[in-house]
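>>> Sharing a model that was predicted from the sequence below.
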Amino acid sequence: MKTRFTKVVALFLAVFLLFGAVCIPASAASKTEDSYQDILASLTADPYTDYLVGAKNDGATKGAQEIKYDVDELISLIDPAATTNWDAEKHVKEQSVLDLSDPANPTQSTQKFLVLPDSGQVTWKLNFTEEQAGLYGIRIEYAPIDGSTASVERKLLIDGVVPFDEARAFSLTKVWQYAYTAKDEEHKNTFEVDAGGNDLRPGIASVPALRTYECTDIDGFYNEPFQFHFKAGTRSLSLVASKEPVSIKSITLFPVEESKTLADCKAEWATLPNNVGAESSVTLRAETPAYVSDKAVYPSNDRSSALTSPIEAFSQKINVIGASGYNTTGQWASYTFTVEEDGLYNIVARFKQSALEGMFASRVIKLASSDGAYGFADGTPSVPYEECYFARFDYSDDWCTEALNTGEEGSELVFYFKKGVTYTLQMEVGLGRLADLLNTIESSLTKINNSYLEILKLTGADPDEYRDYGFRRVMPLTIEELGNQGKILNEQAVLLREICGTSGSNIATLENISRLLLRMYEDEDEIASNLSNLKSYIGTLGTWINTAKSQSITVDYYQIASPNTELPKSNANFFQSFWFEMRSFVASFFVDYDSMGVSAEDGAAASISVWLAYGRDQSQIWKNLITNKFSNEEKIAVDLKLVAVGTLLPSVLAKQGPDSYIGLDAASVINYAIRGAVVEIQDYEGFDQVVGYNHTEQRLDTSGEIPTWVTDYYMVDEAGNKTLVDMKDIKFNDATMVPITLYEKTY
């Protein structure tokens, strides 16, 4: 009886579970499955090289002709929540943009754009015939919209899928312009000075300039535009927002042609007049670019050479660019110029590249011209020929002056310029000849790390070096991978030595990692005992890659000069150096190096002293804020001094303290309170009032041209009631301080 009852209960539970399982799938299951498939497809996308090989194996050839789609053609928009379609027509608007096709005479015009927010997706439905199907590059005409300082970033989908791994992120740079307000004797842009004669860095603002972008690798591993495979039939092309709003004018699909070479260009220029004399030259001060790609590309001061211009012993002059911040692939600075004679010119640079020991840094040279010979129609510079991807700056502790070249003998780059035409020279950070090598090593790092994790699954975090794990028997493919990557790193070390022409610590790093991998591959008994070393080397290799990608160059000037012109001197002679050092020595007795400068504004109503207990980098930021904002608006001169921590208390006791002190730590408040050095607030009216702001409530504002998430600010009174306030009205109460009660007194 008991057995029968047990069987009945078991049958009942089985039926119950069966029906329960049948009822689990809900209406959202399909969407969840689709989302999972989308995520899986994004995470498993092939690298570009595999994608291109696969497309060509499928019979894909170069596209037949250029196909352009304007803003209001074949578009469907999706909102950030991906639930409803936006009306495309509502987002096609007229926008005022700056046309830089003639940099000497930039013009403002109103054009039609598709205005897109910083989230969501835009899709074009495209139809391809059998003749049109093939491989195309993608060109985007756009204008940035005021947002944050970041560049515009988009992910690209074809038929709803990321076609290859590198298509996850494309960066469309903005255009930033420094607000130069001073001119030198030659009427060129220069910098304002403070009361101590120190140069002041000007403010910077984004410019709504029309730009053209061809989809290329954000990491700089591939120079040419990517080729995308569009098959016959109806296809979708989508841009998914990652960062920043943007206005798009058109999307163009174009067949990617092979780049011209310098030899091709020289053959074209052979029939043109060449009237350039040895004395023909134009000097471009590197610290005063016309436009830059972002705020991180800023000029700075260098005092390592007496020949750097301008330079003063008694003051700080802004005289170089690139000492920091201007080292990431895709960043650029541009300069405009004209020449006096038609003909062939070199671009000469005075520079110092001391960041990559034993290696070289690279720049991509791009040009645009007002006559349309170089660049795109809207004035966006482009690469004139293939060798311009590989401009090379070798390592040196000293300053160098060279015509831009690719590092090989007789490889100076030449360009044809015409009299009366305005040219734009854009110097963009690139990887040059290191691109393929770094791409290979980065791929190798991923595979080495995966092998390490597989071994870790077997051994644990603390392997026993005396235990026989049987690595080759348990995971033969993983051990084989270690050997393969060891050989690859050794090959890349040999290649790097050939490219650089020297042997340095960077090459030794690759060789050391290669030796360890090969030792672990050849003798599995070495694996457990060296697993911690492998982990350390993985981190070392990652650091090596990041360092090699950082292409930092300090530049004093560029010179557009005849190939027959004698190169300017790189370094000062003995007497020049001696005279500058002597003047600097004398200046050290008179210049207050702790003072960051007095901003003596015209009509200043007062002067205050401010002490800062931070580092010099932070103090420079404070100085710029005070000079460009506070002193300029309030007409109050500020003497900003950099002081050591702990100097405030003695100075207050001696009644020699500053008007304002920045950098006081919280623990010091008690010390000042018990010495009567803080102000009592209990006698102030409303000192005990509770006032605060709740700024955590966000909403989607669709009233403007661009749907955006906004933050509502509320004032909270003592009873907890909230009142909506305007952002510009939010400020601290003048009498609001943190109450501290000591010896029955509230401070």
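All right, it came through fine.

>>> partners of the nearest residue to Val339 once chain neighbours are set aside in the sheet?
Leaving aside its sequence neighbours, Val339 sits nearest to Phe417 (Cβ to Cβ, 6 or more residues apart in numbering; 4.6 Å). Any C-beta I mention is one placed from the backbone N, CA and C, and that applies to glycine too. Taking DSSP bridges as the rule, Phe417 bridges to Gly343.

>>> again with the one 10 residues further on
The residues paired with Met427 through beta bridges, assigned by DSSP bridges, are Ala333, Ile365.

>>> Output the below-cut-off pLDDT ranges for the stretch 501-650 of the chain.
Within the stretch 501-650 of the chain, the stretches with pLDDT under 70 are 592-606, 628, 632-633.

>>> hmm, 50 instead?
Low-confidence segments of the stretch 501-650 of the chain, defined by pLDDT under 50: 603.

>>> and Gly358, how many neighbours does it have?
When neighbours are counted by other Cβ atoms under 10 Å, Gly358 registers 17.

>>> Are we agreed that it is in a strand?
No - under DSSP: H, G, I helix; E, B strand; the rest coil, Gly358 falls outside any strand and is assigned coil.

>>> Was I right to think it contacts Gly501?
No - here Gly358 does not reach Gly501: they are 9.3 Å apart, not a contact under Cβ atoms under 8 Å.

>>> Touching both of those two, which residues are there?
Common contact partners of Gly358 and Gly501 (Cβ atoms under 8 Å, 6 or more residues apart in numbering): none.

>>> Can you tell me how far the closest residue to Gly407 other than its chain neighbours is from Leu434?
Among residues not flanking Gly407 along the chain, Arg392 sits closest, at 4.0 Å (Cβ to Cβ, 6+ apart). Distance of Arg392 to Leu434, computed by Cβ to Cβ, to the nearest Å: 10 Å.

>>> same check, this time on Arg235
As judged by Cβ to Cβ, Arg235 and Leu434 stand 36 Å apart.

>>> Out of the two, name the residue with the larger neighbour count.
Just comparing Arg235 and Leu434: by other Cβ under 10 Å the higher neighbour count belongs to Leu434, 26 against 17.

>>> Quick check: the more buried one touching Ser362?
Yes - counting by Cβ under 8 Å, Leu434 does reach Ser362; the two are 6.9 Å apart.

>>> still on that earlier bit, list residues touching both of Arg392 and Leu434?
When contacts are counted by Cβ under 8 Å, 6+ apart, Arg392 and Leu434 are jointly contacted by 360, 362.

>>> Can you give me the pLDDT of Met475?
pLDDT for Met475: 93.

>>> ok, the residue nearest to Gly407 to Pro463 distance?
From Arg392 over to Pro463 (counting by Cβ to Cβ), the distance is 44 Å.

>>> out of those two, which sits in the more crowded spot?
Arg392 (21 against 18).

>>> and the host helix or strand of the more buried one, C-alpha only, in PDB?
Using DSSP states H and E, Arg392 falls within strand 391-394. Output of strand 391-394 as PDB, limited to C-alpha atoms (Å, rounded to 0.1, in the frame of the first residue of the first chain):
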ATOM      1  CA  ALA A 391      56.200  59.500 -41.400                       C
ATOM      2  CA  ARG A 392      58.800  58.400 -38.900                       C
ATOM      3  CA  PHE A 393      60.400  60.200 -35.900                       C
ATOM      4  CA  ASP A 394      63.300  58.200 -34.400                       C
END
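
>>> Which secondary structure elements does that strand sit against?
Where contact means 3 or more Cβ pairs under 8 Å, 6 or more residues apart in numbering; DSSP states H and E, strand 391-394 is packed against strand 360-369.

>>> Report the buried residues of the strand it packs on.
Neighbour-count burial for strand 360-369, counted by 16 or more other Cβ atoms under 10 Å, picks out 360-369.

>>> What are the boundaries of the helices in the stretch 351-500 of the chain?
435-459, 471-474, 476-500 (DSSP state H, counting those that start in this stretch).

>>> In PDB, list the C-alpha atoms belonging to the second one.
These are the backbone C-alpha positions of helix 471-474, laid out as PDB (Å, rounded to 0.1, in the frame of the first residue of the first chain):
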ATOM      1  CA  PHE A 471      49.600  19.000 -19.200                       C
ATOM      2  CA  ARG A 472      50.400  17.600 -22.700                       C
ATOM      3  CA  ARG A 473      48.000  14.700 -22.200                       C
ATOM      4  CA  VAL A 474      45.100  16.800 -20.600                       C
END
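
>>> what comes up buried for it?
Phe471.

>>> From the opening residue of stretch 182-192 to its closing one, how far?
This stretch, stretch 182-192, spans 6 Å end to end (Cα to Cα, to the nearest Å).

>>> typo on my end, stretch 338-345
One end of stretch 338-345 sits 12 Å from the other (Cα to Cα).

>>> Now do stretch 191-208: everything it contacts.
Stretch 191-208 is contacted by residues 95-98, 143-146, 174-182, 291-292, 295, 298-299, 301, 312, 314-318, 591, 595, 597-600, 624, 627-628, 637 when judged by Cβ under 8 Å, 6+ apart.

>>> So which of those are in helices?
When the contacts of stretch 191-208 are checked against helices (DSSP state H), the matches are Asn624.

>>> I only care about the contacts of stretch 191-208 that end up buried; give me the ChimeraX line for that.
A single ChimeraX command selects the buried members of those (16+ other Cβ under 10 Å):
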select :95,97,98,143,144,145,174,175,176,177,178,291,292,298,299,301,312,315,316,317,318,591,597,598,599,624,627,628,637
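
>>> Take the contacts of stretch 191-208 and keep only those in strands.
Taking DSSP state E, the ones among the contacts of stretch 191-208 that sit in strands are 95-98, 143-144, 175-178, 182, 291-292, 299, 595, 597-598, 637.

>>> And Val320, how far from Ser171?
Look at Val320 and Ser171: by Cβ to Cβ, they are 26 Å apart.

>>> measure the residue lying closest to Asp58 once chain neighbours are set aside to Gly54 for me?
Distances taken as Cβ to Cβ, 6+ apart place His229 nearest to Asp58, at 7.5 Å, with adjacent residues excluded. Between His229 and Gly54 the computed distance is 8 Å (Cβ to Cβ).

>>> CA atoms only for stretch 408-415, dumped as CSV, please.
Only the C-alpha atoms of stretch 408-415 are listed here, as CSV (Å, rounded to 0.1, in the frame of the first residue of the first chain):
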residue,chain,number,x,y,z
GLU,A,408,64.8,54.7,-45.2
GLU,A,409,67.7,56.3,-47.0
GLY,A,410,66.5,58.9,-49.5
SER,A,411,62.8,58.6,-48.4
GLU,A,412,62.1,62.3,-47.8
LEU,A,413,58.5,63.1,-48.6
VAL,A,414,57.9,65.8,-51.1
PHE,A,415,54.7,67.7,-52.0
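
>>> ok, back up a step: quick one, what contacts the residue nearest to Asp58?
51, 55, 58, 60, 134-135, 158, 163.

>>> Show residues contacting the helix or strand in which Asp556 is found.
If you go by DSSP H and E, Asp556 is part of strand 554-561. Identification of contacts with strand 554-561 by Cβ under 8 Å, 6+ apart yields 280-286, 302, 307-309, 319-323, 335, 337, 339, 345-354, 399, 403, 417, 425, 427, 568.

>>> Can you check what angle separates that strand from strand 360-369?
Angle between the axes of strand 554-561 and strand 360-369 is 40 degrees (criterion: axes from the mean of the first three to the mean of the last three Cα atoms, to 10 degrees).

>>> Quick one: distance of strand 554-561 to the chain centre.
Offset of strand 554-561 from its chain centre (Cα atoms, centre = their mean, to the nearest Å): 23 Å.

>>> what's the answer for stretch 570-577, then?
The gap between where stretch 570-577 is centred and where its chain is centred comes out at 36 Å by Cα atoms, centre = their mean.

>>> low-scoring pLDDT stretches of this structure, where are they?
Looking along the chain with the criterion set at pLDDT under 50, you get 18-34, 80-84, 603, 691-700, 705-708, 727-744, 747.

>>> Geometrically speaking, which residue is the centre of it?
When the chain is reduced to its mean C-alpha position, the nearest residue by Cα atoms, centre = their mean turns out to be Thr328, at 5.6 Å.

>>> you'd agree it is up against Leu431?
No - counting by Cβ under 8 Å, Thr328 does not reach Leu431; the two are 10.9 Å apart.
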